[in-house]
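**Student:** The following comprises the amino acid sequence and a computationally predicted model.
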Amino acid sequence: MADAALRLKSLFEQLLGTPIPVRIRAWDGSEAGPPDAPTLVVRNRRALRRLLWKPGELGMARAWVSGDLGIEGDLYAALDTMSELVWERGEDARTLAQALRDPDVRSAARGLVKLAGLPLPPAPPPEEVRRSRAHLHTKRTDKRAISHHYDVGNDFYEIVLGPSMVYSCAYWESPDGTLEDAQRDKLELICRKLELTPGQRLLDVGCGWGSMAIHAAREYGVSVVGVTLSQEQAAYARKRVAGEGLTDKVEIRVQDYRDVTDGPYDAISSIGMAEHVGAERYLEYAGVLHSLLKPGGRLLNHQIARRPHRDESSYHIDEFIDSYVFPDGELAPIGTTVGQLERAGLEVRDVEVIREHYALTLRRWVANLEAEWARAAKLAGAGRARVWRLYMAASALAFERNRIGVNQVLAVRTPDGGNSGMPLRARTWN
């Protein structure tokens, strides 16, 4: 008799102490749960072994990336529900130890072990990063982390990002607008905040595939140096620059921002790059950018932020993101970021919160990926494509629920005399 789904439903509910609001389909074809809910597809017993050997977020991620676990129906609704059941419950040793004191939990765990079959732990999917955490944010480890995330294949990113090839939060006039228009408007907004004029020099830190550099050079007549640690990004960006006839205006380098020595620059843009810097290196990052700006020069720092913790020592890097998406990436509260920029000598003049804009952007990227799923999976591998789909959909929900945000911070290297060069009413760019 095919009854694995019913047994799973009963054991999960016993383990979690609450009804499961998703439908379950098991490897034997059986189904159980609300008929109109998203369906959690448990394709084999190995999925259970992954969850048992690594309870919580990382076990779920390994099962998803490997294809042992899937979702049919509304992906966002399923992730929203499961985040409350799994991701937000915590999974540190004390939480697990406390849970296992409950006889019902122990009984459910034994039932799952029996249902899972052989007890050997499955190997992690090949997409999972394996490295020592002993030396974070050296030039070598940063280059390796950037390569893991960005050297997936430019063809894959063309599918996800669309023609703009901008991998950061767009700026939407309306939810019904196009992704390309919203990304162009974001680049235009940054150029206006930096008050670029012909003949100036712009440093674009973490230049990606060259979109900001091209826009600034073409529309504002500035000379741009773009730096990235990704060989694939640099090659793609140089080709785009040549195609635009801007090789006399734009230089793309494979270079760590800490190795840039040809300042001063009139302006610096750092768009979606500072998340890679790390808390221990952030003051150094801010100091380097300060030193590369001329007096009166502006910095636009576009960065994802997390909510502050009552006890900041309790913050830990998200296991799924760290293992599969952004190795060594760290988020900081916006207050911490502003404080570090000012400690480095910069004067923060404006902070614009664009949290909802990133949720809209991510949903468009997910739609792009899903629309060309077969090709994307062929280009990057099915496991990698599953990583990006899960990461982007879950991130969209996190922005929508105000669990994380994104901000544009405009700062100035104000001269000793105090003249920032900013207008009395600064928001002339709106």
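**Tutor:** Ah, there it is.
**Student:** Toward the C-terminus, what is the element adjacent to the helix or strand Arg218 falls within?
**Tutor:** Assigned by DSSP states H and E, Arg218 belongs to helix 211-220. For helix 211-220, the following helix or strand on the C-terminal side (DSSP H and E) is strand 223-228.
**Student:** counting contacts, what elements does the helix or strand that that next one is followed by pack onto?
**Tutor:** Later in the chain than strand 223-228, the nearest helix or strand by DSSP H and E is helix 231-243. Packing contacts for helix 231-243, counted by 3 or more CB pairs under 8 Å, 6 or more residues apart in numbering; DSSP states H and E, involve helix 139-150, helix 154-161, helix 211-220, strand 223-228, strand 250-254. Any C-beta I mention is one placed from the backbone N, CA and C, and that applies to glycine too.
**Student:** just so I know, which of these lies nearest Lys114?
**Tutor:** Smallest distance to Lys114 across the helices and strands packed on helix 231-243 (CB to CB): 37.5 Å, for helix 139-150.
**Student:** all strands for the stretch 301-430 of the chain, in order.
**Tutor:** Assigned strands in the stretch 301-430 of the chain, in chain order: 347-353, 404-412 (criterion: DSSP state E, counting those that start in this stretch).
**Student:** most neighbours per residue, which of these?
**Tutor:** Comparing the strands of the stretch 301-430 of the chain by mean neighbour count (mean count of other CB atoms under 10 Å), strand 404-412 comes out on top with a mean of 21.
**Student:** Mind giving me the packing neighbours of it?
**Tutor:** Judged by 3+ CB pairs under 8 Å, 6+ apart, strand 404-412 is in contact with helix 179-194, strand 293-306, helix 334-343, strand 347-353, helix 355-371, helix 382-400.
**Student:** quick one: which of these is nearest Ala4?
**Tutor:** helix 382-400 (22.8 Å).
**Student:** same question for the closest one, mean pLDDT?
**Tutor:** Helix 382-400 comes out with an average pLDDT of 96.
**Student:** Now do it: which elements does it pack against?
**Tutor:** Using 3+ CB pairs under 8 Å, 6+ apart: helix 382-400 touches helix 57-66, helix 75-85, helix 154-161, helix 355-371, helix 373-380, strand 404-412.
**Student:** Could I get the buried residue list for that helix?
**Tutor:** Going by neighbour count (16 or more other CB atoms under 10 Å), the buried part of helix 382-400 is 382-400.
**Student:** same question, stretch 7-19
**Tutor:** Arg7, Leu8, Lys9, Leu11, Phe12, Gln14, Leu15.
**Student:** so is the fifth one in a helix, a strand, or just coil?
**Tutor:** Think Phe12. helix (DSSP: H, G, I helix; E, B strand; the rest coil).
**Student:** One more: the last one?
**Tutor:** The three-state label given to Leu15 by three-state DSSP is helix.
**Student:** measure it to Arg43 for me?
**Tutor:** With distances taken as CB to CB, to the nearest Å, Leu15 is found 20 Å from Arg43.
**Student:** Same check on the third one?
**Tutor:** Lys9 is 16 Å from Arg43, where distance means CB to CB.
**Student:** Give me the local confidence score for the residue lying closest to Gly117 once chain neighbours are set aside.
**Tutor:** Take Gly117 and drop its neighbours on the chain: the residue closest to it by CB to CB, 6 or more residues apart in numbering is Arg45, 4.7 Å away. Model confidence at Arg45, given as pLDDT, is 93.
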